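K.L.:
compute the structure for the input listed below.
(2 chains)
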Amino acid sequence: MAENAIETDMLVKEFNGIKAVKGINLTIEKGELFGFLGPNGAGKTTTISMLCTILKPTKGSATVWGFDITKEPDAVRKSIGIVFQDPSLDDQLTGMENLRFHARLYKVPREDIDHRIKELLNIVELSDRADDIVKTYSGGMRRRLEIARGLLHHPHVLFLDEPTLGLDPQTRRHIWTYIERLNKEQKVTILLTTHYMDEADHLCNRIAIIDHGEIVAQDSPSKLKESMGGDVISLTVAPVTDTLISILKTVQNVKDVRTIGDSLQLTVADSKKTIPLLFDAVTRCNANISSISLREPTLDDVFMKFTGHELREDKEGAKSYMMRQRTRRRIRQ
Amino acid sequence: MIHDIVTIWQREMIRYIRSKSRIITSLIMPILWLGVLGTAFGSTLGNVRFPGGLDYLSFIAPGILAMAILFTSIFTGISVIFDREFGFLKEILVAPVSRISIVLGKTLGGTTAAMIQGIMMLVISLLFGVHFAGEYGILFGIVGAIFVMFLIGMGLVSLGIAFASKMQNMEGFQMVMNFLVMPMFFLSGAMYPINSLPGWLKSVVYIDPLTYGVDALRHFLIGSNVTSFPLWLDLGVLVAFFSILLTIGAYLFRKI
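P.N.:
Alright, predicted model coming up:
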């Protein structure tokens, strides 16, 4: 048995000649809670689909729990659980029936089915709704049922593709707690994708930042933030001139200056001592500071540093997802 | 393998039983055809009798049974599109289950549902006063008819799956209903005797597999003096139809 839960070697996926995933190298150890962080369309789902044997890689290879994804797809499928980005429940069946169907397809021993279902329903707090038809469930309940279903056959590796997309903050917190417990108590290796930086930050031991089909950085969230080399200072200042920016860049401890809207964002080491120096510099340029704020760097800043653009919390994406779900339900009725 | 087929079959059954509105709507059309058209044409034709002294209502009753089977079977086969649209197909495809088990489970599930619809329609026909009295007797006649329903169902569900595997969206569903289901029904000889048709129409009718299903049902239910082919030919064509379609359906489904 291999030592690592997931290993990939230059994994590539092309769609009609366009590279969605451009050679991903990755090693995830057993027991890790690993995150793919990146905007929509970065190639996260494509990568996961290849690891789950839904898509065949164009080039490269990968193993999941020691099994080759192209040569031993059945063994891979038995070792993994998946929670897809889009809903994948049969909403005409009850929660219980969905779980039983899954348990039978994955050959869970007959004598284990009942107590496993009971245990999982407890974990995701759906015991009292198990016999209701899924159509009557809220988005959060569906998600929780899908997570329970993904765990039913005791997978070694669990893939969670955008587990909290389109959910309200309270439900997101809930689901985070389950994910952490699964990882700690059941020792399930988890690979999740997200475009919420707070989710990656809060949950994952390690993350890979993905942009345009490539991993641009890979480490623990705290190390990645440390790699920024200091705190972030936002200055609202007028007028912003090129001279001002170049003078600020020469100030001691200032590592980077970026313009964001009408304010400047500076990465600064030893920030508390540097603030007075910044004031001096601005005054020297005959400009005025109207506000200043200091904070620790976030993964957003890390993302910005490695990719040169922002990782926005894509509100449009979440909205269109909800719309899609709603239309689906409407068509159904 | 059998375990997987049963699991898929069970899901189809639960969905069938739960879709009360679908059960009823797919009976309404055949009931209208039988009740309104059968009775109306029957009274227009007045004393015109089909061979064996049959009235029009009894003549079309087996054809209407075939219609009920046709609707339910094609619908279940096509429901693969719904599974795809609502995401559940992914759950099935990624499970450690062979594609052929999925297709067989789905086909058997759809066929079971179609047979239940057919049997309900059989009972309704009796209430309309249809005389089921072929030379096989009531009991063997009905058992034979149910067997024929099975053969028709298997072929048509497979046909639905084959179409659904090639379709990317729900619009295809309406298309199949209009361009496949209705012509199949009209050309099956369900409503008229085919022996006296003009040559060009006859050849189209002979291509329609449902023609042989309707003919076989007539053999078992109302007697062989109104049929067009020998029973062995009907059954042979139906078995060939379902074997070929099941193979095509399974092949196309594998490539989803």
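
K.L.:
in this structure residue A:39 contacts residue A:193, no?
P.N.:
No. With contacts counted by Cβ atoms under 8 Å, residue A:39 stays clear of residue A:193, the gap being 11.1 Å. All C-beta atoms are positioned from the backbone trio N, CA, C, and that covers glycine.

K.L.:
which one's more surrounded, these two?
P.N.:
residue A:193 (26 against 19; other Cβ atoms under 10 Å in any protein chain shown).

K.L.:
so which residues of chain A form helices?
P.N.:
With DSSP state H, the ranges of helices along chain A come out as A:44-51, A:73-79, A:95-105, A:110-123, A:139-151, A:169-185, A:197-203, A:221-226, A:242-250, A:271-284, A:299-307, A:315-332.

K.L.:
and for the stretch 101-250 of chain B?
P.N.:
B:137-166, B:171-176, B:182-186, B:199-207, B:209-221, B:231-254 (DSSP state H, counting those that start in this stretch).

K.L.:
lowest-confidence stretch among those helices?
P.N.:
With a mean of 78, helix B:171-176 has the lowest mean pLDDT of the helices of the stretch 101-250 of chain B.

K.L.:
which helices and strands does that one pack with?
P.N.:
Judged by 3 or more Cβ pairs under 8 Å, 6 or more residues apart in numbering or on different chains; DSSP states H and E, helix B:171-176 is in contact with helix B:56-85, helix B:137-166.

K.L.:
how about 7 Å then?
P.N.:
Where contact means 3 or more Cβ pairs under 7 Å, 6 or more residues apart in numbering or on different chains; DSSP states H and E, helix B:171-176 is packed against helix B:56-85.

K.L.:
contacts for whatever helix or strand comes next after the helix it packs on?
P.N.:
Next helix or strand after helix B:56-85 toward the C-terminus (DSSP states H and E): helix B:88-93. With contacts defined as Cβ atoms under 7 Å, 6 or more residues apart in numbering or on different chains, helix B:88-93 is touched by A:84, A:88-90, B:80, B:83, B:102.

K.L.:
ok, of these, which one's closest to residue A:234?
P.N.:
Closest to residue A:234 out of the contacts of helix B:88-93 is residue A:84 (38.3 Å), distances taken as Cβ to Cβ.

K.L.:
wait, that closest one sits on residue A:161?
P.N.:
Yes. When contacts are counted by Cβ atoms under 7 Å, residue A:84 is listed as touching residue A:161 (5.7 Å).

K.L.:
how about the residues of chain A by chain B?
P.N.:
With the criterion set to Cβ under 7 Å from any Cβ of the partner chain, chain A comes near chain B through A:52, A:54, A:74, A:77-78, A:82, A:84, A:86-93, A:97, A:101, A:104-106, A:328.

K.L.:
write the ChimeraX selection for whichever of the residues you listed are buried.
P.N.:
Restricted to buried positions by 16 or more other Cβ atoms under 10 Å in any protein chain shown, the ChimeraX selection for the residues of chain A next to chain B reads:
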select /A:52,54,77,78,82,84,87,88,89,90,91,92,93,97,101,104,105,106
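
K.L.:
which one among the contacts of helix B:88-93 gets closest to residue A:35?
P.N.:
Once Cβ to Cβ is applied, the member of the contacts of helix B:88-93 that ends up nearest residue A:35 is residue A:84, at 16.9 Å.

K.L.:
just to revisit the earlier point, tabulate the helices of chain A (TSV), appending distance to residue A:262.
P.N.:
Shown next, in TSV, are the helices of chain A (distance: least, Cβ to Cβ, whole Å):
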stretch	distance to residue A:262
helix A:44-51	33
helix A:73-79	51
helix A:95-105	51
helix A:110-123	48
helix A:139-151	37
helix A:169-185	29
helix A:197-203	23
helix A:221-226	26
helix A:242-250	13
helix A:271-284	14
helix A:299-307	17
helix A:315-332	22
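
K.L.:
is it possible to export the ones you listed to a markdown table including distance to residue A:129 and mean pLDDT?
P.N.:
Formatted as a markdown table, the helices of chain A follow (distance: least, Cβ to Cβ, whole Å; pLDDT from 0 to 100):
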| stretch | distance to residue A:129 | mean pLDDT |
| --- | --- | --- |
| helix A:44-51 | 28 | 91 |
| helix A:73-79 | 29 | 87 |
| helix A:95-105 | 6 | 94 |
| helix A:110-123 | 9 | 90 |
| helix A:139-151 | 7 | 88 |
| helix A:169-185 | 14 | 85 |
| helix A:197-203 | 25 | 89 |
| helix A:221-226 | 35 | 87 |
| helix A:242-250 | 57 | 85 |
| helix A:271-284 | 50 | 86 |
| helix A:299-307 | 35 | 83 |
| helix A:315-332 | 17 | 47 |
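
K.L.:
ok, the closest residue to residue A:125 other than its chain neighbours - contacts?
P.N.:
Closest residue in space to residue A:125, ignoring its immediate chain neighbours: residue A:144 at 7.1 Å, by Cβ to Cβ, 6 or more residues apart in numbering or on different chains. By Cβ under 7 Å, 6+ apart, the residues touching residue A:144 are A:124, A:126, A:175.
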